[in-house]
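Let's see this in three dimensions:
(3 chains)
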Amino acid sequence: MDVPFYICAGIGIAAAFSVILQRRAVLSVLSLMVVLITCAAMYAMLGAHFLAVLQILVYAGAVMVLFVFVVMLLDPEILPEEVRPQSILERLWIFILTLGVSTIFAMLVWVFAHRYVPYRQMGADNTEKVSLLLFSEHIAAFEATSLILIAAIVGALTLSKRHRKAKG
Amino acid sequence: MQLAFLCFLPFLASIFNGFWYLFAKKPWKMAAGVVSTLALFTSFCLASALAFHDVTFSLPWIATGSFELPFVLRLDHLSSIFVLVITGVGTLIHIYATVYMAHDSGIQKFFAYLSLFCGSMLVLVLGGSLPILFCGWEGVGLCSYLLISFWFDDSEKAKAGAKAFIVNRIGDVGFLLGMFVLFQACGSLDIETLTHAQLSPTTVLIACSLLFFACTGKSAQIPLYIWLPDAMAGPTPVSALIHAATMVTSGVYLVTRLHVLFDAAESLHIVMATVGGVTAFVAATIALVQDDIKKVLAYSTVSQLGYLFLACGVGAYEAAVFHVVTHAFFKALLFLAAGSVIHGMDGEQNMWKMGGLKKAMPVTFATFTLGWLAICGIPPFSGFFSKDEILFHTFTSGHTGLWALGLVTACMTAFYMTRLYIVTFLGTKHTHAHESSWGMLAPLCVLACLSALGGIFGHMISHTLAFHAEAESSQLEWILMLVSACIAGLGIALAFFMYDESRQPIRARIQKQYGWLSTALAHAWYVDEAIDLVLLKPLRQIYGFVWRTIDVLCIDGFIMLLASGGRASGDVLRLIQPGFLHISIACMVMGAFFIMGYMVYGQL
Amino acid sequence: MVESFAAALFLIGLLGIVLRRTILVMLMSLELMLNAVNLTFVAFGQQQGLLTGQVYVFFTMTIAAAEAAIGLALVIALFRTFRSVDTHAVHGMRE
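Sure thing, here's the model as predicted:
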């Protein structure tokens, strides 16, 4: 459990910083993909095999591709931005934020380490068990998500339509 | 096994022609007609071989739990007669149609439909249980629609086809309900079982009334006869086959098949007989003033069908079957001859534009003469014997009023048929019409012989059917025969008197005095207009109302309301936003920090 | 251990949202946060031996995908209107 976890965690954190610190948007997207794959590895290590595969398929596969499409659609001149802090005020702002975040992170780690519970062994039939749960207890939510997906499709289509100059 | 062949050969021909029409229209189109004719002729030969034996063919079809419905075809004496008529007269009409429709571009489609029709009719007649019969019933209704509106580019013809189908369907509701009642009472719809079942009188009465209603649709009685005159929009062979010889007799077949049940429904008898008699009378009155050849023959068909139900109503089922057979002969002959005339006159159907065709189309003239004599009921031709049987049985069962009605109708039949005969064939007007080819004339000749000599079938039919004991020939019978013959002669004489060319002024005077009657008759007593006003107009109002208020206003309006509501609320709520995204996020994050800090601190 | 990693991811995403001006990168940081939360769900579920956590993550993942689609459509519409994806430049939301 330990060594693979630390490797994945290391890669994940580095990629996450890369996401927020890159100048070019494409590199952000690629870094995010690395983070997602790391997460999938975490899921697998925790015994959630179904979710691991789903993460790769849906998140890394579909959503990230969507992001890449949009990045390609946007004007390459406009997209890159300066990540260097430009003025004293900005440097101050970043410093305060980083301080606050680090404090909270430290506190969280302390809490988690304090309540450490060893991980259990999960069986190999994770997918079967999850699907059984999905289709019995959570069937209503399952059907509702399909509705949400339809609404999302319709919404996305409507929003990205080109409106012609002449109305009607 | 041969029974199955007999029944399904026409279907094979239909499928073959159908595929031919869809895939290869060019080469030698007349062959489509030949294929169908051969198929039906083979069926005829099989039928002759199997006739009057009791043959059954059974296939397991539906078997679910307690309900079983095998596909049963049953040939016995009654269905043999009908099968022979269908296949025999049908073959003749097929030969005629092959020549008649030779120049039509959709000839394969035509014969596909025609074969489909013959197959369905055979299923109807051979069906061993009511649902199978109903399959055939529906099939002939469908093919009737397809064939009537064959030239559907003309919207009038298409509407006529739709009218026929819809009116038939209204009758079919009666059939279905009757089947439901019988099934609930009896548990089985097999005809053998039904005829031997013990059913309560009310059940039988209800079921038979419903089935009779279905027959009024199929066999064009009041109130569902309105489709038959309009059905003349179809090609003439269609009129001959479907509306003279076969489909319209399905109602009579149904009643005769279930005659055990109908015998038990006492109160229905008088209703049936009256409906038949009145239909015969009314249709004959309308036929008196029609100018289109085919319309005259159409109303004549309705009239003769009225006779059939009159016969069934008084219990004379053998007479009805006999009249079905002879009617098939002479009515098909008359229709085909009319088709020959129309063909020779290049599409003209108004008989006042004709005249003197005796010289121009001699063979057609000769065969039409025989058909005319048969339908008028002149001895010794077939029509006389069958019509006289019906009138005799009506008289002897005590319905003197209906007998008188039947006599008057017979007189009118003779009158208007002679009127048609004189105006079309006699006189000296046109001589440029050309005689038809032998392909069309040969079937005419065969049918003419059958019409002339068909009287001999009468005894055979009563003998094989053997529903009731045969009565002895009595004095009364001869007297009544004489009366019928005289009435028919009277009608003919009157027509000759009226329509001789020198009598034009007398006709004009009568026309002026009774003009209102003539107009009413010409519009068929305004029945179609009445139905449109009373039934269809309110229905259209209702449809319009349902569409405008319920669909457009309520349902569509509700959805639109939801959408515009969302948009309106968005318009209101946007005023809450400060407009600067990064400031909103910064504030939110600050707040989140504090909350997070507080919660985590509490856990420490 | 996994929860700490998730916490780290979450906070990094939070930093990304506050500090970056490009809407697209903000959306990506949002995805980062969502993933972190998913990871937390699974980790705690595993600790307690329940599969409920994984089921909830299934739904969250679906909805996050839908939300990403709509968000990206919005970005494109925004881009067409304002010809810019800088949050500091886009401020017509009140009108």
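
Quick check: which element contains the residue nearest the centre of chain C?
By CA atoms, centre = their mean, chain C has its centre lying nearest to C:L30, at 2.2 Å. Following DSSP states H and E, one finds C:L30 within helix C:23-48.

what do you get for B:L69?
Per DSSP H and E: strand B:67-75 holds B:L69.

ok, B:L59 - how many residues close by?
9 (other CB atoms under 10 Å in any protein chain shown). Using the backbone N, CA and C atoms, a C-beta is placed for each residue, glycine as well.

mind pulling up the phi and psi values for it?
Backbone geometry at B:L59, expressed as degrees, to the nearest 10, gives phi -130, psi 140.

ok, the nearest residue in space to A:R120 that is not next to it in sequence to A:E137 distance?
Once flanking residues are discounted, A:R120 sits nearest to C:G49: 5.7 Å by CB to CB, 6 or more residues apart in numbering or on different chains. Using CB to CB, to the nearest Å, C:G49 is found at 16 Å from A:E137.

These two - which one has more neighbours?
A:E137 (12 against 8).

on that earlier part again, do you know the pLDDT at the residue nearest to the centre of chain C?
C:L30 carries a pLDDT value of 93.

How about B:K29?
pLDDT, read off for B:K29, is 66.

tilt between the lengthiest helix in chain A and helix C:23-48?
Criterion DSSP state H: the longest helix present in chain A is helix A:88-114. Interaxial angle, helix A:88-114 versus helix C:23-48 (axes from the mean of the first three to the mean of the last three CA atoms, to 10 degrees): 10 degrees.

average pLDDT across helix A:88-114?
For helix A:88-114, the mean confidence score works out to 84.

can you pull the buried residues of that helix?
A:L97, A:G100, A:V101, A:I104, A:F105, A:M107, A:L108, A:V109, A:V111, A:F112 (16 or more other CB atoms under 10 Å in any protein chain shown).

what's near enough to touch the fourth one?
Taking CB atoms under 8 Å, 6 or more residues apart in numbering or on different chains as the contact definition, A:I104 lies against B:F593, B:M596, B:G597, B:V600, C:L11.

Can you pull up the most central residue in chain A?
Chain A, centroid-nearest residue using CA atoms, centre = their mean: A:L36 at 5.9 Å.

quick one: that one from chain B, how far?
23 Å (CB to the nearest CB, to the nearest Å).

Enumerate every residue touching that residue.
A:Q55, A:I56, A:Y59, A:A60, A:M64, C:N35.

And the helices in the stretch 51-200 of chain B?
Taking DSSP state H, counting those that start in this stretch, the helices of the stretch 51-200 of chain B run over residues B:77-100, B:107-126, B:130-148, B:155-186, B:191-196.

backbone phi and psi for B:P379, please?
According to degrees, to the nearest 10, B:P379 has phi -70, psi 150.

Next one: it from chain A, what distance?
80 Å.

Check the offset of the host helix or strand of B:D230 from the chain's centre.
Counting by DSSP H and E, the element that carries B:D230 is helix B:227-230. Put simply, helix B:227-230 sits 9 Å off its chain's centre (CA atoms, centre = their mean, to the nearest Å).

Give me the next element, helix or strand, following it.
helix B:236-240.

Per-residue pLDDT of the residue nearest to B:A49 when sequence neighbours are not counted, please?
Counting by CB to CB, 6+ apart, B:A49 lies nearest to B:Q2, which is 7.3 Å off, once chain neighbours are set aside. On the pLDDT scale, B:Q2 is placed at 73.

cool, the one 10 residues further on as well?
Per-residue confidence for B:L12 comes out at a pLDDT of 82.

Just say helix, strand or coil for it.
Using DSSP: H, G, I helix; E, B strand; the rest coil, the structure places B:L12 in helix.

number of nearby residues for it?
Neighbours of B:L12 (other CB under 10 Å): 14.

list the contacts for it?
So B:L12 contacts B:A39 (CB under 8 Å, 6+ apart).

run the last query once more with 10 Å
Contacts for B:L12 (CB atoms under 10 Å, 6 or more residues apart in numbering or on different chains) come out as B:F5, B:V35, B:A39, B:S115, B:G119.

From these, list the buried ones, please.
Judged by 16+ other CB under 10 Å, buried ones among these: B:V35, B:A39, B:S115, B:G119.

Find the nearest non-adjacent residue to the third one, please.
Okay, so that is B:S115. Closest to B:S115 by CB to CB, 6+ apart is B:S14, at 3.7 Å.

isn't the one you found right up against B:L114?
Yes: the criterion here is CB atoms under 10 Å, and B:S14 meets it with B:L114 at 7.9 Å.

Please work out how many residues are found near the residue nearest to B:G306 when sequence neighbours are not counted.
Spatial nearest neighbour of B:G306, chain neighbours left out: B:A280 (3.0 Å); criterion: CB to CB, 6+ apart. B:A280 is flanked by 29 other residues according to other CB under 10 Å.

What of B:V552?
11.

For it, give me its contacts.
B:V546.

try it again with 8 Å
Contacts of B:V552 (CB under 8 Å, 6+ apart): none.

Compute the number of surrounding residues for the residue of chain B found nearest chain A.
Going by CB to the nearest CB, chain A is nearest to B:V600 of chain B, at 4.2 Å. By other CB under 10 Å, the residues close to B:V600 number 18.

domain parsing for chain B?
B:265-350+B:364-522, B:530-603 (automatic domain parsing).

Comparing those, which comes out most buried?
Comparing these by mean neighbour count (mean count of other CB atoms under 10 Å in any protein chain shown), domain B:265-350+B:364-522 comes out on top with a mean of 20.

Give me the distance between that domain and the centre of its chain.
With CA atoms, centre = their mean, you get 18 Å for domain B:265-350+B:364-522.

which residue packs closest to C:A89, ignoring adjacent ones?
Once flanking residues are discounted, C:A89 sits nearest to C:F82: 6.8 Å by CB to CB, 6+ apart.

thought that neighbour was touching C:H88?
No: contact criterion CB atoms under 8 Å: C:F82 and C:H88 do not qualify, at 11.5 Å.

where do the helices sit along chain C?
Going by DSSP H, chain C shows helices at C:2-19, C:23-48, C:52-82.

Export those helices as JSON lines, with columns for distance to B:T193.
Listed next are these as JSON lines, based on distance: least, CB to CB, whole Å:
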{"stretch": "helix C:2-19", "distance to B:T193": "76"}
{"stretch": "helix C:23-48", "distance to B:T193": "67"}
{"stretch": "helix C:52-82", "distance to B:T193": "59"}
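
quick one, which of those is nearest to A:W93?
helix C:2-19 (8.3 Å; CB to CB).
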